[in-house]
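J.: Need the 3D shape of this:
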Amino acid sequence: MIQHLSTFMFTLMTTLLKLSKSLLVVFLSSVPFAFGQDTWPNRPIKLIVPFQAGSATDVAARVISSKLSTTLNQAVVIENKIGASGSIGAEFVSKAPNDGYTILWGTTSTQIIGPIINGFNSYDPIKDFAPIGMIAFSPYILVTSAKNNIKSLKDLIELAKSKPKEVTYASAGNTSVANLSAQLLSQTAKISFSHIPYKSSAQSVTDTMTGIVNMQFSSISPVLTHIKTGSLRPIAVTSKARLSIFPDVPTVSESGYPGYEALLWMGLFTPQGINTAVLDKITATLKTTLNDPEVQKTLQAQGLQSSHIYKEELGFFLKSELSKWSQVIKSAGIQGD
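T.: Modelled structure (predicted):
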């Protein structure tokens, strides 16, 4: 009897021990998941900006990072990893841990133009990143010298048709959004321009004012003063809607080329595979940041339009941009600078 009781007790304790171990494994396996959700962020976050300190992109990133730090009660530290038109920084983030502590300040250059030009060799902007949200976008404005007779986009197109390849435009290089904007217009209107690349935006603006080059697509800030003083004439903007700062300047789309749009945009991305709860928290924090009136005011002062495109919607936008600019780049035979 005692022997049977001992055997029963041994079997019972063995079963309970196995059951306890199983429960412990289940509990411990759930701890990292819950811990990651509840405590993120519990250390500084790296915001990788793939452009040099002091650039317009970097300045905007510092505005956002400062507000994110305040909202999250955790440092958001900017690291400038420059090179290859932003591709070096983007590749770095694509290979970083997907724990929410390394975030990319991505742009049209890093997420669209770079991958297309490089054949997706370094990283895939869709497969390697989870989109968080678009920060802002900057339309380009097509300007020409106030001294010439080009007073509308129609005038410019007619001139280009009458003098194929004689109408010149300035840009910051082959892979710049300014050049792609001109290429998109030439392909849409079925005309030919001649591209003059510049290393200095100040020099390109000066040469446009004096008529050395006929025109250029420019971001707002470099040409704003010259437009106000009457040295440059704005003839069209590349966004779908007119700009509040230039309400009388029509869009390219409404000037006879429906659907035309060319934007320099910037947004936040994290390595693919990030925990959904952490991604949701980052996104919610970004929304709060972009809704802050002071942040909006600061971005607008830099010629940036705030955006409200997040996660899946930004992902759809990326695919559309990749499709559009791939066709433009292929048709124009554009290669890296």
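
J.: Of all the strand elements in the chain, which one is longest?
T.: strand 129-139 (DSSP state E).

J.: Skip ahead from that one and say which helix or strand is next.
T.: The helix or strand immediately downstream of strand 129-139 is strand 141-145, counting by DSSP states H and E.

J.: And that following strand, what does it pack against?
T.: helix 153-162, helix 201-210, strand 215-218, helix 220-229, strand 232-237 (3 or more C-beta pairs under 8 Å, 6 or more residues apart in numbering; DSSP states H and E). For every residue, glycine as well, the C-beta is placed using N, CA and C.

J.: okay if I get these as TSV plus mean pLDDT, mean neighbour count and distance to Arg43?
T.: Listed next are the helices and strands packed on strand 141-145 as TSV, based on pLDDT from 0 to 100; neighbours: other C-beta atoms under 10 Å; distance: least, C-beta to C-beta, whole Å:
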stretch	mean pLDDT	mean neighbour count	distance to Arg43
helix 153-162	96	17	52
helix 201-210	94	18	39
strand 215-218	96	27	41
helix 220-229	92	16	36
strand 232-237	98	23	43
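
J.: among the ones you listed, which is nearest Pro293?
T.: Smallest distance to Pro293 across the helices and strands packed on strand 141-145 (C-beta to C-beta): 20.4 Å, for helix 220-229.

J.: contacting residues around the closest one?
T.: Outside of helix 220-229, the residues within contact range by C-beta atoms under 8 Å, 6 or more residues apart in numbering are 56, 138-139, 141, 143, 201-202, 205, 209, 232-234, 243, 245-246, 302-303.

J.: So, low pLDDT: which residues of this protein?
T.: 1-38, 337 (pLDDT under 70).

J.: Would you state the helices of it in chain order?
T.: 2-39, 56-72, 87-94, 108, 114-117, 153-162, 177-189, 201-210, 220-229, 276-290, 293-301, 311-332 (DSSP state H).

J.: Tabulate the ones you listed (CSV), appending distance to Asn80.
T.: Below are these laid out as CSV (distance: least, C-beta to C-beta, whole Å):
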stretch, distance to Asn80
helix 2-39, 28
helix 56-72, 7
helix 87-94, 8
helix 108, 18
helix 114-117, 17
helix 153-162, 38
helix 177-189, 20
helix 201-210, 20
helix 220-229, 20
helix 276-290, 20
helix 293-301, 20
helix 311-332, 23
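
J.: Which of these sits closest to Ser255?
T.: So among the helices of the chain, helix 153-162 is nearest, using C-beta to C-beta, at 4.2 Å.

J.: What is that closest one packed up against?
T.: Secondary elements touching helix 153-162 (3+ C-beta pairs under 8 Å, 6+ apart): strand 141-145, helix 177-189, strand 232-237.

J.: what's the closest of those to Val278?
T.: Comparing the helices and strands packed on helix 153-162 by C-beta to C-beta, helix 177-189 comes nearest, at 31.5 Å.

J.: So for that closest one, what gets flagged as buried?
T.: For helix 177-189, a neighbour-count test (16 or more other C-beta atoms under 10 Å) marks 177-186, 188-189 as buried.

J.: Turn those into a markdown table, including distance to Gly86.
T.: Listed next are the buried residues of helix 177-189 as a markdown table, based on distance: C-beta to C-beta, whole Å:
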| residue | distance to Gly86 |
| --- | --- |
| Val177 | 12 |
| Ala178 | 16 |
| Asn179 | 16 |
| Leu180 | 15 |
| Ser181 | 18 |
| Ala182 | 21 |
| Gln183 | 20 |
| Leu184 | 21 |
| Leu185 | 24 |
| Ser186 | 25 |
| Thr188 | 27 |
| Ala189 | 30 |
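
J.: farthest-separated two in those?
T.: Val177 and Ala189 (18.3 Å).

J.: circling back: right, so of the helices and strands packed on helix 153-162, which gets closest to Ser171?
T.: helix 177-189 (4.0 Å).

J.: Off-centre distance for that closest one?
T.: 19 Å (C-alpha atoms, centre = their mean, to the nearest Å).

J.: how much does it deviate in direction from strand 141-145?
T.: Put simply, helix 177-189 runs at 90 degrees to strand 141-145, going by axes from the mean of the first three to the mean of the last three C-alpha atoms, to 10 degrees.
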